[in-house]
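**Student:** Here's a sequence, model it:
(one chain, ligands or ions: 2)
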Amino acid sequence: MSVHIEAKKGDIAETILLPGDPLRAKWIAETFFDNPFCFNKIRNMFGYTGTFNGTRISVMGTGMGVPSISIYAHELITEYGVKNLIRVGSAGSYQKHVKIRDIVLAMAASSNSGVNELRFGGADYAPTANFDLFKKALDVAKEKNIDIKAGNVFTSDEFYEDDFESYKKWSKFGVLCVEMESAGLYTVAAKHNVNALSILTISDSLVTGERTTSKERETTFIEMVEIAMGLA
Ligand SMILES: O=P(O)(O)O[C@H]1O[C@H](CO)[C@@H](O)[C@H]1O
Ligand SMILES: O=c1cc[nH]c(=O)[nH]1
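**Tutor:** Ligands and ions are numbered 1, 2, ... in the order given. Purely as a prediction, here's the structure:
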């Protein structure tokens, strides 16, 4: 048991899927896993382990934002020996060609996160995806005929920004979409020499104003989960 996870040693698989939403974690376990059992209910941050095609796999919510995912990633790695951390998140599009329900593999995560500014004393650190997981995700997507987009994403400390138009600077420099955790996940994984990848589904668009419902974000982003499950 760690401070925020009540699982016993050995309860959590080496590969874990990490949605921000704990109810998406529950849906993933109940929809995709064989024989899932719940290993965490602390703070209602549900975590489950089961099997997929005979291989053990886990899923757990991370909450929203870099501080929250950093806590869970740290405990999963240092207390439970997790080696592959795969975020399955929602994101807002910054580009006209990145449309609702498109899948984005985050090759790197630019950020305004105060956490990395604190950690690196104001110097820039470039949080990047693990190459092997990234390549494998491309292969799985191809095999399943799922179109993906890949590139730089933006990890923001804010969901509601004072200046809505500020996204246009990042958009101009080719950033595909915004979410709130990948830079933190990639940095903590790198610190502990384990593997991380963020697979994102576009839930809304800052360009067009379209958006999916909360329920759709919880239970319908199937293709990104299929790619993530293929990495186990
Ligand atoms: O759907 P999840 O995985 O939570 O990801 C996105 O959704 C939340 C904001 O609504 C933030 O956590 C953001 O990163
Ligand atoms: O962090 C997020 C996630 C989805 N959509 C956004 O605009 N921001």
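
**Student:** In the chain, what residue spans correspond to strands?
**Tutor:** Counting by DSSP state E, the chain has these strands, from start to end: 15-18, 34-40, 47-52, 55-60, 84-93, 103-111, 149-155, 177-179, 195-205.

**Student:** Tell me which residue of this protein lies closest to ligand 1.
**Tutor:** Nearest to ligand 1, among the residues of the chain, is residue 20, at 2.0 Å (C-beta to the nearest ligand atom). All C-beta spots, glycine's among them, are computed from the backbone N, C-alpha and C.

**Student:** pLDDT value on that residue, please?
**Tutor:** What the model reports for residue 20 is a pLDDT of 98.

**Student:** my read: it touches residue 61, true?
**Tutor:** Yes. Using C-beta atoms under 8 Å, residue 20 makes contact with residue 61 at a distance of 6.6 Å.

**Student:** of these two, who's got more company?
**Tutor:** Between residue 20 and residue 61, counting by other C-beta atoms under 10 Å, residue 61 is the more crowded of the two (24 against 21).

**Student:** gap between the more buried one and ligand 2?
**Tutor:** 15 Å (C-beta to the nearest ligand atom, to the nearest Å).

**Student:** Let me see the contact set for that residue.
**Tutor:** Counting by C-beta atoms under 8 Å, 6 or more residues apart in numbering, residue 61 touches 18, 19, 20, 21, 22, 23, 24, 25, 45, 46, 47.

**Student:** Just the pLDDT for it.
**Tutor:** pLDDT at residue 61 comes out at 98.

**Student:** Quick check: nearest residue in space to it, chain neighbours excluded?
**Tutor:** Nearest residue to residue 61 in three dimensions, chain neighbours excluded: residue 22, at 3.0 Å (C-beta to C-beta, 6 or more residues apart in numbering).

**Student:** which bits of this structure sit near ligand 1?
**Tutor:** Within the chain, the positions near ligand 1 by C-beta under 6 Å from any ligand atom are 19, 20, 21, 64, 89, 90, 159, 179, 180, 181, 217.

**Student:** hmm, 5 Å instead?
**Tutor:** Proximity of the chain to ligand 1 (C-beta under 5 Å from any ligand atom) is limited to residues 19, 20, 21, 64, 89, 90, 179, 180.

**Student:** so the last one touches residue 64, yeah?
**Tutor:** So the one you mean is residue 180. Yes. Counting by C-beta under 8 Å, residue 64 is a contact partner of residue 180 at 5.6 Å.

**Student:** quick one on the thing from earlier: got phi/psi on the residue of the chain closest to ligand 1?
**Tutor:** With angles defined as degrees, to the nearest 10, residue 20 sits at phi -70, psi -40.

**Student:** any idea which helix or strand of this structure has the worst average confidence?
**Tutor:** One helix or strand of the chain scores below all others by mean pLDDT, DSSP states H and E: helix 214-219, with a mean of 85.

**Student:** residue contacts, the residue nearest to residue 61?
**Tutor:** By C-beta under 8 Å, 6+ apart, the neighbours of residue 22 are 44, 45, 46, 60, 61, 63.

**Student:** Pull the number of nearby residues for the closest residue to ligand 2 within the chain.
**Tutor:** Proximity of the chain to ligand 2 (C-beta to the nearest ligand atom) peaks at residue 92, 2.6 Å away. When neighbours are counted by other C-beta under 10 Å, residue 92 registers 20.

**Student:** Please report how far residue 227 lies from residue 48.
**Tutor:** Between residue 227 and residue 48 the distance, using C-beta to C-beta, to the nearest Å, works out to 19 Å.

**Student:** I'd say residue 203 and residue 217 touch.
**Tutor:** Yes. With contact defined as C-beta under 8 Å, residue 203 reaches residue 217; the gap is 5.1 Å.
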